[in-house]
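Visitor: only geometry, no sequence info:
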């Protein structure tokens, strides 16, 4: 298998090296993004539980200190809202602050993920470019004045170059596109968890700021007209 792949790689010419470099860069980005998003998912879940428990105990100062010291994306978003809450600002301002905090951390989650789609397209285009060069060499061999044996060898080499680069370009592009889709889904799940956490924190803040309403007493009954007296009169 190794010898077959080496022959396949050699038949593709210099374009195979460029496509291999693109594939290697894409795999490095994929591993880095996957590890980062997996770590962030666990860290954000842990920080949300901690902050939710502190807010449930009405420990606003402790929650602010924890959000500032943690530095995670979840703590940054919730900490922006807690800072407004400490200043006794209304719910709308707290919600705007948390939305601003979410917009601040989203670029960190989506960073470099879009490179994978670009690298996949580049690998495909490099494969097509190698195919074009191979076809040019093939037509050049057909129109040349070389001997029949040399012409056949050049034609075979050119077709191998054309087919090998196209195949390797697709081999590099398809996994990168699949990994890009998986990372995009993972990023969307994390963003959805941010929105859910923001709503839970806002509801918890609203419950803390609005005491339970006192039971509403029944309205006094209006006096009934004295029908007996009116009849007697």
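Guide: Ah, there it is. Keep in mind that what you see is a predicted model, and the values were worked out from it rather than measured.
Visitor: what are the ranges of the helices in the protein?
Guide: Assigned by DSSP state H, the chain shows helices spanning 2-11, 14-56, 60-70, 73-86, 91-110, 114-143, 148-209, 227-232.
Visitor: for residue 114, what are its contacts?
Guide: Neighbour list for residue 114: residue 180 [criterion: C-beta atoms under 8 Å, 6 or more residues apart in numbering]. C-beta here means a position set from N, CA and C on the backbone, and glycine is covered the same way.
Visitor: Find the least confident helix or strand in the chain, judged by mean pLDDT.
Guide: helix 227-232 (a mean of 44; mean pLDDT, DSSP states H and E).
Visitor: Please identify the deepest-packed of the helices of the chain.
Guide: helix 73-86 (a mean of 23; mean count of other C-beta atoms under 10 Å).
Visitor: Show me what that helix is packed against.
Guide: Counting contacts by 3 or more C-beta pairs under 8 Å, 6 or more residues apart in numbering; DSSP states H and E, helix 73-86 is packed against helix 14-56, helix 60-70, helix 91-110, helix 148-209.
Visitor: so what's the residue nearest the centre of the chain closest to, chain neighbours aside?
Guide: Closest residue to the average C-alpha location of the chain: residue 187 at 2.5 Å, with C-alpha atoms, centre = their mean. Leaving out its chain neighbours, the residue that sits closest to residue 187 by C-beta to C-beta, 6 or more residues apart in numbering is residue 109, at 5.2 Å.
Visitor: mind listing what that neighbour touches?
Guide: 37, 40, 73, 187, 190-191.
Visitor: That one and residue 181: what is the separation?
Guide: 16 Å (C-beta to C-beta, to the nearest Å).
Visitor: Over to residue 38?
Guide: Distance of residue 38 to residue 181, computed by C-beta to C-beta: 16 Å.
Visitor: what's the answer for residue 188, then?
Guide: For residue 188, the distance to residue 181 - C-beta to C-beta - is 11 Å.
Visitor: who touches both of these two?
Guide: Common neighbours of residue 188 and residue 181 (C-beta under 8 Å, 6+ apart) do not exist.
Visitor: residues contacting residue 127?
Guide: Residue 127 makes contact with 15, 19, 165-170, 172-173, according to C-beta under 8 Å, 6+ apart.
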